[in-house]
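**Student:** Provided below for reference: sequence and predicted model.
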Amino acid sequence: MPEETDAFGRPLRGEETDAFGAPVGPDSQPPPQWQAPVAETAWMPPISAPTPAGWWHRVGAAILDSIVVGILGAILGGVVATVTDADEDAGTAIAAGAALVVTGLYYGLLMARGGSRNGQTWGKQAVGIRVTRADGAPVELGFALLREVVVKTLLFGYVALVTLYLATIVNYLWPLWEPQNRALHDKIVRSRVVRR
C-alpha cells in the first residue's frame, strides 16, 4: 500500500509527531515558549533637577568672595611690592599679578574640594549655593580655574575693558532673564549655579 503524502510529496506522519516531524510521546517535553525579558530593577522615581540659585544669592556670594580675594590680594601685592621696592608702574603690575594668583588659589582650591563642599567657595557656602557642571561631573581644579580665572576674570574682567565693561555688566545681569539663571560665563563653560 503506498504511503500517503502531503502537497509537497513528503510522507505523512502519524499523530506521534508534531508539525515539524519531532516525536511526540508521553515522556517528551513541549518546546519552550518565548517570554519577554523581565526587568530586575524596581522602579525609581525620577531624580529632580536641582533648583537654580537666585540672582540675589549669586550677588551675595560674589560680594563675599570679592572681599576675601581683595583682602588677600592686597596683602600679597603689598608684601611683594615692599620686598621688591617697586615703583608705581611695577606696583600696578605686581597688584594685577597678585590678584590673578590669589583668584586662582582661592577659587581653584576651594571649588575643587571633594565631598559636600565641591563647587563651593566660602561666599557660596555662606549663602547656600554651589557650582555644578552640566554633565554632572565634580568640579575639579582645571575646571574651576577655567571658569573663574580665564573666563570670568580675564575675559569678562580685563578683556571687557574694550567694551567699557558693558560685557561684564551683561554677563552678571544675564541670569535675570535666562530660564536656568545662568550667566554668560556659565554658558561658555557649561556650568550651573544651584542651591545646595
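**Tutor:** Arrived safely, thanks for sending.
**Student:** Against Asn181, how distant is the residue positioned nearest the centre of the chain?
**Tutor:** Centroid-nearest residue in the chain, with Cα atoms, centre = their mean: Arg133, separated by 1.8 Å. As judged by Cβ to Cβ, to the nearest Å, Arg133 and Asn181 stand 16 Å apart. (C-beta placed from N, C-alpha, C; glycine too.)
**Student:** Pro50 now?
**Tutor:** 11 Å.
**Student:** Kindly report the same for Gln125.
**Tutor:** Taken as Cβ to Cβ, the span from Gln125 to Asn181 is 19 Å.
**Student:** Among those two, which residue is more densely surrounded?
**Tutor:** Shown here are Gln125 and Asn181; by other Cβ atoms under 10 Å, Asn181 has more neighbours (20 against 16).
**Student:** three-state assignment of the more buried one?
**Tutor:** Secondary structure, DSSP: H, G, I helix; E, B strand; the rest coil: Asn181 is coil.
**Student:** Only the buried residues of the longest helix along the chain, if you could.
**Tutor:** When the chain is parsed with DSSP state H, its longest helix is helix 55-84. Going by neighbour count (16 or more other Cβ atoms under 10 Å), the buried part of helix 55-84 is 55, 57-58, 60-62, 64-65, 69, 72-73, 76-77, 80-81.
**Student:** Let me know the closest of the residues you listed to Thr163.
**Tutor:** Ala62 (19.7 Å; Cβ to Cβ).
**Student:** Which residues are in contact with that closest one?
**Tutor:** Applying Cβ atoms under 8 Å, 6 or more residues apart in numbering, we find Ala62 in contact with Gly123, Tyr172.
**Student:** Look up how far Gln125 lies from it.
**Tutor:** Applying Cβ to Cβ, the value for Ala62 to Gln125 is 13 Å.
**Student:** Same check on Arg147?
**Tutor:** Taken as Cβ to Cβ, the span from Arg147 to Gln125 is 17 Å.
**Student:** mind listing the helices for this structure?
**Tutor:** 55-84, 88-111, 122-127, 141-145, 166-173, 184-189.
**Student:** what's near enough to touch Ala126?
**Tutor:** Listed by Cβ under 8 Å, 6+ apart, the contact partners of Ala126 are Gly60, Ala61, Leu64.
**Student:** sorry, back to before: tell me the gap between the longest helix of the chain and the middle of its chain.
**Tutor:** The chain centroid and the centroid of helix 55-84 are separated by 27 Å under Cα atoms, centre = their mean, to the nearest Å.
**Student:** can you give me the angle that helix makes with helix 166-173?
**Tutor:** 130 degrees (axes from the mean of the first three to the mean of the last three Cα atoms, to 10 degrees).
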